[in-house]
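*Asks:* the sequence and its predicted three-dimensional model are supplied below.
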Amino acid sequence: MYEQEKIKPYKDEGHKREQVERMFDRIAHSYDRLNHFLSWGIDKSWRRTAVDSLSPFHPCRILDVATGTGDFAILSARRLSPQSITGVDISEGMMQIGRQKVKALHLDGIIRFQHEDCEALSFADDTFDAVTVAYGVRNFEHLDQGLREMCRVLKPSGHLLIIELSSPHRFPMKQLFSVYAKIVMPLIGRLISKDHSAYSYLPATMAAFPQGEVMQGILRKAGFGDVRFKRFTFGISTMYLATK
């Protein structure tokens, strides 16, 4: 069991999956605004770089896991011009906002949303050319099972793209970011989202999540090959690109 799998948003009983679903339903109304504010907008460049890493492969059918409000799916639709993107999530509250955004941008002919558990996807084997996960994989209750499911639904030679928050390891960014993540993020998150646990839970899982070479090994164990990673902005965010 990985450390981040033990961390739950709320102290009450119940599975992590159920608590994560409840948390994202609660903060859906403020999630986009807080996301960009807390990263000072730098996350937009991280996302663009990540999406563009799939450009040489021209994926036609994309599955966006933990799609949330659909930001990554929208960016992928604009920059990769696929035939279709299926965004899946356990939070209907987040996806409802995503549906509104996609409709307003006239992308509802390309992007559709579907309620799914990432550890038991309803899709057939070898369905998608690419699977993407932006800032959601650390919320999986069982990381290995979620990764195996994404490998299963990928076509042979298809690509998995993960971008996730991580913790810097070098002085002084390590110390500065630790203060920001443990004090500033929870304070601002509580004020804006009105959820007193969510923005303490999110930095905690970020610090506990496997990074770099460790995550490379986990991805290989799940069935992926040619696993590469790239760190952004002193290691605050990390991108993983793997092939089935």
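*Replies:* Received, thanks. Numbers count the residues shown, from 1 in each chain.

*Asks:* tell me where the chain has helices.
*Replies:* 16-27, 31-38, 43-52, 71-80, 92-104, 143-153, 173-179, 185-193, 198-208, 212-221 (DSSP state H).

*Asks:* what helices and strands are in contact with the longest one?
*Replies:* On a contact count with 3 or more CB pairs under 8 Å, 6 or more residues apart in numbering; DSSP states H and E, helix 92-104 meets helix 16-27, helix 31-38, helix 71-80, strand 84-89, strand 111-115. C-beta coordinates here come from the backbone N, C-alpha and C atoms, glycine included.

*Asks:* give me whichever of these is most buried.
*Replies:* strand 84-89 (a mean of 23; mean count of other CB atoms under 10 Å).

*Asks:* so which bits of the worst-scoring helix or strand of the chain on mean pLDDT are buried?
*Replies:* For the chain, using mean pLDDT, DSSP states H and E, the weakest element among its helices and strands is helix 173-179, scoring a mean of 72. Using 16 or more other CB atoms under 10 Å as the test for burial, helix 173-179 gives Met173, Phe177.

*Asks:* and the closest residue to Arg99 other than its chain neighbours, how far from Asp195?
*Replies:* Leaving aside its chain neighbours, Arg99 sits nearest to Phe113 (5.6 Å; criterion: CB to CB, 6 or more residues apart in numbering). Distance from Phe113 to Asp195, counting by CB to CB, to the nearest Å: 22 Å.

*Asks:* kindly report the same for Ala77.
*Replies:* Ala77 sits 30 Å away from Asp195, taking CB to CB as the criterion.

*Asks:* which strand is the longest one in the chain?
*Replies:* strand 154-165 (DSSP state E).

*Asks:* and the angle for it with helix 71-80?
*Replies:* 120 degrees (axes from the mean of the first three to the mean of the last three CA atoms, to 10 degrees).

*Asks:* buried residues in strand 154-165?
*Replies:* For strand 154-165, by 16+ other CB under 10 Å, it's Leu154, Lys155, Gly158, His159, Leu160, Leu161, Ile162, Ile163, Glu164, Leu165.

*Asks:* quick one: which of these is nearest Asp12?
*Replies:* Among the buried residues of strand 154-165, Leu165 lies closest to Asp12 (CB to CB), at 25.2 Å.

*Asks:* ok, what's across the strand from that closest one?
*Replies:* Listed by DSSP bridges, the beta-bridge partners for Leu165 are Ser237.

*Asks:* mind listing what it touches?
*Replies:* The neighbours of Leu165, taking CB atoms under 8 Å, 6 or more residues apart in numbering as the test, are Tyr135, Arg138, Met206, Phe209, Ile236, Ser237, Thr238.

*Asks:* try it again with 10 Å
*Replies:* By CB atoms under 10 Å, 6 or more residues apart in numbering, the residues touching Leu165 are 39, 43, 46, 135, 138, 181, 202-203, 205-207, 209, 211, 232, 235-238.

*Asks:* how about Glu21?
*Replies:* Per CB under 10 Å, 6+ apart, neighbours of Glu21: Pro9, His15, Asp89, Ile90, Ser91, Glu92, Gly93, Met94, His115, Asp117, Asn139.
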